[in-house]
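> Fold the following and give me the result.
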Amino acid sequence: MSDEPNPTPGEDKKILLKILYVFIAFLPSLVGIASFQLKNQGQGLIQFLFFLNLICSIVASLGLAQGIKSDGLQFLLNLFLIPAFFVMNVLIVLFVGCSGMGGRIAP
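Predicted coordinates:
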């Protein structure tokens with residue numbers, strides 16, 4: 001027998017939601033990298049990726065900070081996470097695009 005307590009179903013759901021929010025945070029990177037494969041990139045692609053990045057960064061930040069009881073701390077965490085996710089997504093797509101690996105699955 002194990003001495004570790006079994007997590008309740010509510011805790012499992014919270015952990016899965018946090019993982020989902022992290023996935024949402026980096027979804028714009030996946031879409032940006034996948035867009036390197038497009039032969040005819042329209043004028044609106046950059047604007048679409050910008051707004052997708054902004055919306056996903058906000059949603060992920062709000063979702064990850066929702067369990068914090070202090071409103072002030074929650075606000076400060078959101079103030080930090082939104083631009084952090086945004087900049088990380090931009091840098092990921094920029095570095096993958098400049099490395100020439102954009103869209104390649106295997107070496």
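
> Which residue lies nearest the spatial centre of this protein?
residue 25 (1.2 Å; C-alpha atoms, centre = their mean).

> Find the nearest non-adjacent residue to that residue, please.
residue 60 (3.5 Å; C-beta to C-beta, 6 or more residues apart in numbering). (Each C-beta comes from the backbone N, C-alpha and C, glycine too.)

> Which elements pack onto the longest helix along the chain?
The single longest helix within the chain, with elements called by DSSP state H, is helix 71-99. Helices and strands touching helix 71-99, by 3 or more C-beta pairs under 8 Å, 6 or more residues apart in numbering; DSSP states H and E, are helix 27-34, helix 45-65.

> how distant is it from the center of its chain?
Helix 71-99 has its C-alpha centroid displaced from the chain centroid by 8 Å (C-alpha atoms, centre = their mean, to the nearest Å).

> From residue 15, how far out is the residue nearest to residue 25?
15 Å (C-beta to C-beta, to the nearest Å).
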